[in-house]
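J.: model this:
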Amino acid sequence: MELDLRHLRMVVAVAESGSVTKAAAVLGIAQPALTAQLNRIDRALGGSVFVRDRNGARSTELGDLVLRHARVLLPAMATLTDDVQRLVNSQDGDPGALRVGVAGSGLGGLFVNRLHSALPGADVTTVLPRGDDLGGALACGTIEVAVTGMCSDAPPPASESVTWTRVSTDPLFVLLHEGHEYADKPEVTLAELAEEQWLSVPDHSCLASCFVSACVRAGFAPSAVGEADWTTAVDQVRTGRAVALVEPGQPDPPGVRAVPLTGAPLRRTHYLGWRRDARGLLDTELIEDAAFRAHRDAVARSPQYGLWLERHPNIG
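T.: Next comes the predicted model:
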């Protein structure tokens with residue numbers, strides 16, 4: 001018997017579940033059938049892949065070797081299948097499916113909207129890769145396109161197989177409740193907010209350390225920066241209990257106002273990425289155009305941000 005991908009999927013399922021019984025349920029086959037297949041795999045390889053006893057299944061040294069290869073081969077084959085299907089669909093005039101990974105960028109929703117408009121009939125979906133590892137997700141074919149935001153001028157995740165294009169560099173504003181003494185100012189300095197409790201949306205970049213550094217340069221040490229999702233942050237700011245770092249380019253929710261920080265001490269750079277070998281499968285010019293249009297959409301729906309950009313033409 002020769003091993004095929006079906007056998008590798010069985011080995012991975014048993015290793016990940018730690019039990020033949022559980023793996024059989026995951027694979028949708030009967031336990032005796034899976035046990036028989038594992039025995040055939042052992043005979044084909046000339047050794048046992050797992051030690052199986054009442055405590056479950058544990059991979060042997062041979063099993064570890066098989067697993068290392070399986071975890072490369074299975075994603076590679078899935079990527080090949082997806083790429084072939086996408087190429088066939090594009091030749092038939094069917095745009096097919098496009099999975100977009102988004103992490104740390106407020107442009108994600110607007111970008112996907114633009115893709116829907118530019119690719120009518122395409123199945124455009126958003127994906128949140130595990131651990132925000134967009135570079136890895138692109139490289140292994142889990143997603144086709146990615147939008148990510150990095151702190152200041154930090155580069156995106158490096159990968160020989162991924163191309164990144166800078167879409168924009170934007171300042172971070174501070175979200176204040178509408179009754180705050182600085183809510184109606186055109187700009188506010190970090191030093192003027194030295195006594196505030198700060199919040200930020202969970203971020204995978206170096207924003208927290210950059211924020212502390214900016215505060216120290218402004219002459220004070222901030223209170224610890226808390227994290228909150230967007231809705232929770234807005235609710236906290238609206239009551240006056242905190243202020244929050246936010247990306248501009250979205251309408252202010254009721255009761256709060258986004259105010260620019262003087263000198264733009266904190267910035268976020270948005271990048272668009274795709275696999276280098278996907279150029280024949282994706283219209284990268286169209287996708288780039290959708291990203292740049294998404295940023296213009298963000299500016300257009302925030303008049304205050306548009307005015308700020310006019311005053312600071314070298315940023316953005």
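
J.: C-alpha only now, for contacts and for neighbours.
T.: Will do.

J.: Could you tell me which residues make contact with the residue nearest to Ala25 when sequence neighbours are not counted?
T.: Counting by C-alpha to C-alpha, 6 or more residues apart in numbering, Ala25 lies nearest to Gln31, which is 7.8 Å off, once chain neighbours are set aside. For Gln31, the contact set (C-alpha atoms under 8 Å, 6 or more residues apart in numbering) comprises 20-21, 24-25.

J.: Phi first, then psi, for Gln31.
T.: phi -60, psi -50 (degrees, to the nearest 10).

J.: Thr148 pairs with what?
T.: Thr148 has the following beta-bridge partners by DSSP bridges: Ala103, Tyr271.

J.: Strands of this structure, residue ranges please.
T.: 50-53, 56-59, 97-103, 123-127, 145-151, 162-171, 173-177, 198-200, 226-227, 243-246, 256-260, 267-275 (DSSP state E).

J.: If you count contacts, what does the fourth one end up packed against?
T.: Other elements packing on strand 123-127 under the criterion 3 or more C-alpha pairs under 8 Å, 6 or more residues apart in numbering; DSSP states H and E are strand 97-103, helix 108-118.

J.: One more pass at 6 Å, please.
T.: strand 97-103 (3 or more C-alpha pairs under 6 Å, 6 or more residues apart in numbering; DSSP states H and E).

J.: what is the rounded mean pLDDT of the strand it packs on?
T.: Mean pLDDT, computed over strand 97-103, is 84.

J.: Please compute how far that strand lies from its chain's middle.
T.: Distance, stretch centre to chain centre, for strand 97-103: 8 Å (C-alpha atoms, centre = their mean, to the nearest Å).

J.: Next, the angle from it to strand 145-151.
T.: On the basis of axes from the mean of the first three to the mean of the last three C-alpha atoms, to 10 degrees, strand 97-103 is oriented at 10 degrees to strand 145-151.

J.: And the contacts of strand 97-103?
T.: 108, 122-128, 132, 143-148 (C-alpha atoms under 6 Å, 6 or more residues apart in numbering).

J.: so it versus helix 108-118, what angle?
T.: 160 degrees.
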